[in-house]
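Peer 1: Quick one: sequence and predicted model below, then my questions.
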Amino acid sequence: MGQSPRIEVAAVRASPDVGDPGKSPTADAQPPLCISARGLRHVFPDGTVALDGIDLDISEGSFTAILGPSGCGKSTLLRLVSGLENPTVGSLTVLSHAVAAPDAGRQPERATRIGFVFQDAHLLPWRTVLHNVALPLELRHTSPAEAERRARSALAEVELGDATARFPDELSGGMRMRVSIARALATEPKLLLLDEPFAALDELTRHRLDERLRGLFAQHRMTVLFVTHSLSEAVFLADRALVMSRRPGRIVLDHRVDLPKERAAFLRTEPSFVRQTAILREALEKHGSTEDERS
C-alpha cells in the first residue's frame, strides 16, 4: 500500500461547521446545535483534572466520534453531556438545557431525551429481552401497551424481533449489545450517547454492528456521540471525528470525515478510507498516550 504522507496536525477549536452531514458548503442556514460547551473543565474529587478547556459545538442530526488515549476524559465528557455528572467549570448546553455549575441540579426533561449505551449491556437477567427493552419506558410510567409496542418496534430495528421471549444468558455478546441499543432506541432519544459499546466483540461482529448502527442513524437522524478506541470504527461510522490529548483531555483535532454518506462493508478497503484513518492515527501518535488513567 506504501507509506502514507505525513499529515501535520494542529490543535483546533471544535466548530459546528466541521463534520455536519449533508451540509452544502454554500448553504446559508446552520443546523441547530444539540450540544455546546465553552471552557469546560472537570476535576475529580481526588483533584485529578479529567478535562480542561473544552470548546465544542455539535449540530443536531450529526454523528461524531471521539477518540483519544486511555484516561483522556472521553467517557467523562459523555457523562457530563448525559447529566450523570455536572462540570466543575465552564458552560454546557445540551438539547437547549444549560448546565453551568456543580449545583445546577438534575434536569429530568433533558434526561428523557437522551439515550446512553454503555460498554456493558447491563441487562437484567431475570427479565426477558422484551421486558429489558421496555424497562425505561415503564420507569417513565408509559402505558404497558405503548411500552410493549415501542419495545417490539425497537427490537425489530436491530433484527431481534424473534428473540423477545429469550433471557440475556441465552444471547451472544453481540445480541446483548443489540438489546442495549434497542432499549435506548425505544425511548425515542434526540441524542444517543455510546461509550465503546462494541469493544469486547470480535471484529466481524463489530463490523456488522457498525453497519447496523450507521443504518439506524440514517433512518432516525438523531444526534450521535460515539466514543471508541478504534480508528477504523470512527472513520466508518462518523461524519466528524474529535481526537483528544492525554489527560487532562483537550480537543487537538476536529476532523470532517470525507467519505460518502452511504457506507457499506467494502468501503473499509478503499484508499479514501485508509487516508481518513491515517489522519486520525497521526493525531493520536503525535499527542501520545498513557495506560494508567481512567477514562
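Peer 2: Great, that's in hand.

Peer 1: Using the three-state scheme, assign I181.
Peer 2: At I181 the chain is in helix, as set by DSSP: H, G, I helix; E, B strand; the rest coil.

Peer 1: What residues sit buried inside stretch 152-163?
Peer 2: 152, 154-155, 157-158, 160, 163 (16 or more other Cβ atoms under 10 Å). Placement of C-beta: from N, CA and C, glycine included.

Peer 1: Quick check: helices, which of the residues you listed are part of them?
Peer 2: Among these, the residues falling in helices (DSSP state H) are 152, 154-155, 157.

Peer 1: T76: which of the residues you listed is nearest?
Peer 2: A154 (28.0 Å; Cβ to Cβ).

Peer 1: Now do the contacts for the closest one.
Peer 2: With contact taken as Cβ atoms under 8 Å, 6 or more residues apart in numbering, A154 is in contact with 133, 182-183, 185-186.

Peer 1: Tabulate the buried residues of stretch 152-163 (JSON lines), appending pLDDT and distance to L92.
Peer 2: Conversion of these to JSON lines gives the following (pLDDT from 0 to 100; distance: Cβ to Cβ, whole Å):
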{"residue": "R152", "pLDDT": "96", "distance to L92": "35"}
{"residue": "A154", "pLDDT": "95", "distance to L92": "28"}
{"residue": "L155", "pLDDT": "95", "distance to L92": "33"}
{"residue": "E157", "pLDDT": "92", "distance to L92": "30"}
{"residue": "V158", "pLDDT": "92", "distance to L92": "30"}
{"residue": "L160", "pLDDT": "93", "distance to L92": "34"}
{"residue": "A163", "pLDDT": "94", "distance to L92": "38"}
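
Peer 1: picking that back up, using a markdown table, lay out the ones in helices among the buried residues of stretch 152-163 together with distance to A199.
Peer 2: Shown next, in a markdown table, are those (distance: Cβ to Cβ, whole Å):
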| residue | distance to A199 |
| --- | --- |
| R152 | 28 |
| A154 | 22 |
| L155 | 23 |
| E157 | 22 |
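
Peer 1: in the stretch 101-250 of the chain, what spans have low per-residue confidence?
Peer 2: Within the stretch 101-250 of the chain, the stretches with pLDDT under 70 are 101-112.

Peer 1: and the most centrally placed residue in the chain, helix, strand or coil?
Peer 2: Geometric centre of the chain, nearest residue: F226, 1.9 Å, by Cα atoms, centre = their mean. Assigned by three-state DSSP, the conformation of F226 is strand.

Peer 1: if we can go back for a sec, so which of the ones in helices among the buried residues of stretch 152-163 is the closest to R127?
Peer 2: The closest of those, once distances to R127 are taken by Cβ to Cβ, is L155, at 13.4 Å.

Peer 1: In this structure the closest one contacts T164, no?
Peer 2: Yes - here L155 reaches T164: they are 6.1 Å apart, a contact under Cβ atoms under 8 Å.

Peer 1: shared neighbours of the two, which are they?
Peer 2: Contact criterion Cβ under 8 Å, 6+ apart; residues shared by L155 and T164: 129-130.

Peer 1: quick one, strands of the stretch 1-150 of the chain?
Peer 2: Using DSSP state E, counting those that start in this stretch, the strands assigned to the stretch 1-150 of the chain run over residues 33-43, 49-59, 63-67, 89-94, 97-99, 114-117.

Peer 1: could I get stretch 129-137 in CSV with only the CA atoms?
Peer 2: What follows is stretch 129-137, C-alpha atoms only, in CSV (Å, rounded to 0.1, in the frame of the first residue of the first chain):
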residue,chain,number,x,y,z
VAL,A,129,-35.4,-9.3,26.1
LEU,A,130,-38.8,-7.6,25.5
HIS,A,131,-39.1,-6.5,29.2
ASN,A,132,-35.5,-5.4,29.3
VAL,A,133,-36.1,-3.0,26.4
ALA,A,134,-39.4,-1.9,27.9
LEU,A,135,-37.9,-1.1,31.3
PRO,A,136,-37.0,2.6,30.8
LEU,A,137,-40.5,3.2,29.4
